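Novice: sequence and predicted structure, then a few things I'm wondering about:
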Amino acid sequence: MNNIRVLAVDDAVANLMILKGVLKGNEFKVVTSTNALEALQLFKQEFFDVVLLDVIMPGIDGFELRKLIREVDMERPIIFLTSMIEDGSMKMLNQIVWDSNTFYLNKVTDKNTLIRKIKEVVANHRIRNVERQRSNKLEDELKLAGELQRILLPEWCEIDKHIMVSSIYKPAMHVSGDIFEIIQIGEAKYLLFIGDIAGHGVSAALYMATIQSWLKVSVQKNNKSPHELLNKLNRFFCKELQSSTYMTALAAIIDFETNHISLQSAGHPPMIIGSPSQKTMYTSDASRGGLPIGWFKDTEYLESDNFEYNFPDDAIFITMTDGVYDIENEHQEVLAESDYREMVETLLADTDGLIFPYRMCDMMEKMGYYIAPDDYTFVAVTKNTHDPNRKQHLISAKLSAIAEVAEDFASITTDLKLGAEIDLLVHEYLNNVIIHGKNRPDKRERVIYISVEKKGERLEIRGLEQGAPWNIQEAVNETINENDNDSDNGANNYATSGRGTHILQSITDYISYNSFCGLNETRFVLKGETG
């Protein structure tokens, strides 16, 4: 064992001389003190492996000094050297052993017993420190792995000219075995793949990353049908990965030109397809499909088990991993699948696909179901229908992206005054979201969805983002109070204090704000001749 640095504290100089003599040698370096406050300063200034304390000292006794030391270091070993225990005082003994890192020896203990005890407590403390460092390093590496895994997954929102996708991903630990991917395989045709590797942690995450890479290489621009894809993936899983685990999966080919979906499940929860306009909801047949991927190498997924459906333009495709069904309340109760269906039916009436997963999770939390023992992913996909009365953008949270969006939105009207108000509102809203909304839990750059839509004589601007939540009325009051107290400072703070809400309120008829499981939705209504 390396040299052990000892701080010995006793008001009797003779006792300290004895300790220095007993511990004399290359293994120990002993620093002594007869004063508790002096000893505390020494402890703060220098490193000691162990502290030897007398219990009875004038002024600040050994117990008080230990209390002061614990304010600096909760775990450094302390050994009380006292003869009081031999007197049968249980109160004294209880005071000593109350701290799990405190030990005691009789003052008349022989040299070998004292040296053995010091080496024992110091060795155990050093082992705990090494284990803690390893644990902290592993924790840091898992956090990094979790951040990298998030980068592999699609953003919370993805939009192109055919498709709109929104998702919420919640790992039970830093990393998970959930996989979700959208891959374009034709002009208006996409593969939607969602899966769940059995198990948790690093091994499940490694499988997830491997499967995700395989998907991107194997099906890019390749018109595989769902059953063919599952067969190919099962062979890869069993042969190349030689896996002792398995995964459930759902593969869907969605064609937005013909409005047709073909899908098959490999032991995965079914997909729900809802239409707000038709007030209908279909569920893919759970009895169709095969066993989970990786169970048997000779499993054959059949074309006859594909679920085929022609969908309306406003269809919302809702899919999830089975961790959603494991979410519990404080009584360890879970919602039944029928309850989920009822929740979906309720939300379909007034919720679009972009916010659907977040509304669903928010509704569950408000019903008391918020404890998630397993990873879960919730995805909603809709067709990007082209409405001449609506413009929309998905932008990175960068100030440089604002001007183009504001100019495009202003062009929705021929009214110059209204166009100027739209331009100002977009600038003010996005400026403040980007500047003040930097509390995203991972390192990934945020994306913001923003749209403008004509609704009769009104215009509605809608923003969706994952930045810091804000209270509109509190922000308005804050900027007004600033303006009342100091007109110059108040005016200068409009755009930075309260996220510019005073300006936004002055040019709108109505502002609404909601936050659903970390996704903020803000709506601004302007009244004017839309042209």
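Specialist: Ah, there it is.

Novice: rest of the way, CA atoms for contacts and neighbours
Specialist: Noted.

Novice: which secondary element of the chain has the worst mean pLDDT?
Specialist: Using mean pLDDT, DSSP states H and E, the weakest-scoring helix or strand in the chain turns out to be helix 487-493, at a mean of 42.

Novice: Three-state assignment for the closest residue to residue 377 other than its chain neighbours, please.
Specialist: Counting by C-alpha to C-alpha, 6 or more residues apart in numbering, residue 377 lies nearest to residue 169, which is 4.5 Å off, once chain neighbours are set aside. Reducing the assignment at residue 169 to three states with DSSP: H, G, I helix; E, B strand; the rest coil gives strand.

Novice: what's around residue 169, how many residues?
Specialist: Using other C-alpha atoms under 10 Å, residue 169 has 22 neighbouring residues.

Novice: which residues touch it?
Specialist: The contact partners of residue 169, taken as C-alpha atoms under 8 Å, 6 or more residues apart in numbering, are 375-378.

Novice: of all these, which two lie farthest apart?
Specialist: Put simply, by C-alpha to C-alpha the two of those set farthest apart are 375 and 378, 10.4 Å from each other.

Novice: now do the shared contacts for these two.
Specialist: By C-alpha under 8 Å, 6+ apart, residue 375 and residue 378 have these common neighbours: 169, 324.

Novice: outline the domain layout of the protein.
Specialist: Listed by automatic domain parsing, the domain ranges of the chain are 4-132, 153-383, 390-527.

Novice: among the ones you listed, which comes closest to residue 147?
Specialist: domain 390-527 (6.1 Å).

Novice: endpoint to endpoint, that closest one covers what distance?
Specialist: 16 Å (C-alpha to C-alpha, to the nearest Å).

Novice: what's the spacing between residue 278 and residue 131?
Specialist: When distances are taken as C-alpha to C-alpha, residue 278 and residue 131 turn out to be 60 Å apart.

Novice: again with residue 287
Specialist: Residue 287 sits 49 Å away from residue 131 when distances are taken as C-alpha to C-alpha.

Novice: swap in residue 457?
Specialist: Taking C-alpha to C-alpha, one finds residue 457 at 67 Å from residue 131.

Novice: again with residue 414
Specialist: When C-alpha to C-alpha is applied, the distance between residue 414 and residue 131 equals 68 Å.

Novice: and residue 148, by the same measure?
Specialist: Applying C-alpha to C-alpha to residue 148 and residue 131 gives a distance of 25 Å.

Novice: for the biggest helix by length in the chain, packing partners?
Specialist: Here the longest helix in the chain is taken by residue count, with DSSP state H as the criterion, and it is helix 111-152. Other elements packing on helix 111-152 under the criterion 3 or more C-alpha pairs under 8 Å, 6 or more residues apart in numbering; DSSP states H and E are helix 201-219.

Novice: could I get the helix it packs on in CSV with only the CA atoms?
Specialist: Once side chains and other backbone atoms are set aside, the C-alpha atoms of helix 201-219 remain, and they are given as CSV (Å, rounded to 0.1, in the frame of the first residue of the first chain):
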residue,chain,number,x,y,z
GLY,A,201,-28.9,-1.1,-21.8
VAL,A,202,-25.8,-1.3,-23.9
SER,A,203,-26.3,-4.6,-25.6
ALA,A,204,-29.8,-3.7,-26.8
ALA,A,205,-28.5,-0.3,-28.0
LEU,A,206,-25.7,-2.0,-30.0
TYR,A,207,-28.2,-4.3,-31.7
MET,A,208,-30.4,-1.3,-32.4
ALA,A,209,-27.6,0.6,-34.1
THR,A,210,-26.6,-2.4,-36.1
ILE,A,211,-30.2,-3.0,-37.3
GLN,A,212,-30.6,0.6,-38.1
SER,A,213,-27.5,0.6,-40.3
TRP,A,214,-28.6,-2.6,-42.0
LEU,A,215,-31.9,-1.0,-42.8
LYS,A,216,-30.4,2.1,-44.4
VAL,A,217,-28.1,0.0,-46.5
SER,A,218,-30.5,-2.8,-47.5
VAL,A,219,-33.7,-1.0,-48.4
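
Novice: for that helix, buried residues please.
Specialist: Along helix 201-219, these residues count as buried under the neighbour rule (16 or more other C-alpha atoms under 10 Å): 201-202, 204-209, 211-212, 215.

Novice: show me what counts as buried in the next helix or strand after it.
Specialist: Toward the C-terminal end, the helix or strand that comes next after helix 201-219 (DSSP states H and E) is helix 226-235. Of the residues in helix 226-235, those buried by neighbour count under the rule 16+ other C-alpha under 10 Å are 226-231, 233-235.

Novice: got the contact list for helix 226-235?
Specialist: Contacts of helix 226-235 with the rest of the structure, by C-alpha under 8 Å, 6+ apart, involve 251-253, 262-264, 266, 293-294, 297, 299-303, 305-306.

Novice: any idea of the angle that helix forms with helix 201-219?
Specialist: On the basis of axes from the mean of the first three to the mean of the last three C-alpha atoms, to 10 degrees, helix 226-235 is oriented at 130 degrees to helix 201-219.

Novice: now the helix or strand following helix 226-235 against helix 226-235, angle please.
Specialist: Past helix 226-235, further along toward the C-terminus, the next helix or strand under DSSP H and E is strand 247-255. In this structure, strand 247-255 runs at an angle of 150 degrees to helix 226-235, with the same axes, to 10 degrees as the basis.

Novice: now strand 247-255: how far from the chain's centre is it?
Specialist: Relative to its chain's centre, strand 247-255 lies at 25 Å (C-alpha atoms, centre = their mean, to the nearest Å).

Novice: that one: which residues count as buried?
Specialist: With burial defined by 16+ other C-alpha under 10 Å, the residues of strand 247-255 counted as buried are 247-255.

Novice: and after it, which helix or strand comes next?
Specialist: Later in the chain than strand 247-255, the nearest helix or strand by DSSP H and E is strand 260-266.

Novice: okay, that following strand in PDB with CA atoms only?
Specialist: Taking only C-alpha atoms (Å, rounded to 0.1, in the frame of the first residue of the first chain), the coordinates of strand 260-266 have been written out as PDB:
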ATOM      1  CA  HIS A 260     -52.100   2.700 -50.000                       C
ATOM      2  CA  ILE A 261     -50.300   1.100 -47.100                       C
ATOM      3  CA  SER A 262     -49.000  -2.500 -46.800                       C
ATOM      4  CA  LEU A 263     -47.700  -3.700 -43.500                       C
ATOM      5  CA  GLN A 264     -46.800  -6.700 -41.500                       C
ATOM      6  CA  SER A 265     -46.000  -7.200 -37.800                       C
ATOM      7  CA  ALA A 266     -43.400  -9.600 -36.300                       C
END
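
Novice: residues in contact with the helix or strand following it?
Specialist: Following strand 260-266 in sequence order, the next helix or strand is strand 272-275 (DSSP H and E). With contacts defined as C-alpha under 8 Å, 6+ apart, strand 272-275 is touched by 280-284, 312, 314-319, 345, 348.

Novice: against which helices or strands is the helix or strand following strand 272-275 packed?
Specialist: Proceeding C-terminally, strand 272-275 gives way to strand 280-283 as the next helix or strand, assigned by DSSP H and E. Using 3+ C-alpha pairs under 8 Å, 6+ apart as the contact criterion, the secondary-structure elements in contact with strand 280-283 are strand 272-275.

Novice: just checking: what are the partner strands of the strand it packs on?
Specialist: Strand 272-275 has these partner strands in its sheet, going by DSSP bridges: strand 280-283 (antiparallel), strand 316-320 (antiparallel).

Novice: right, I'll leave it there.
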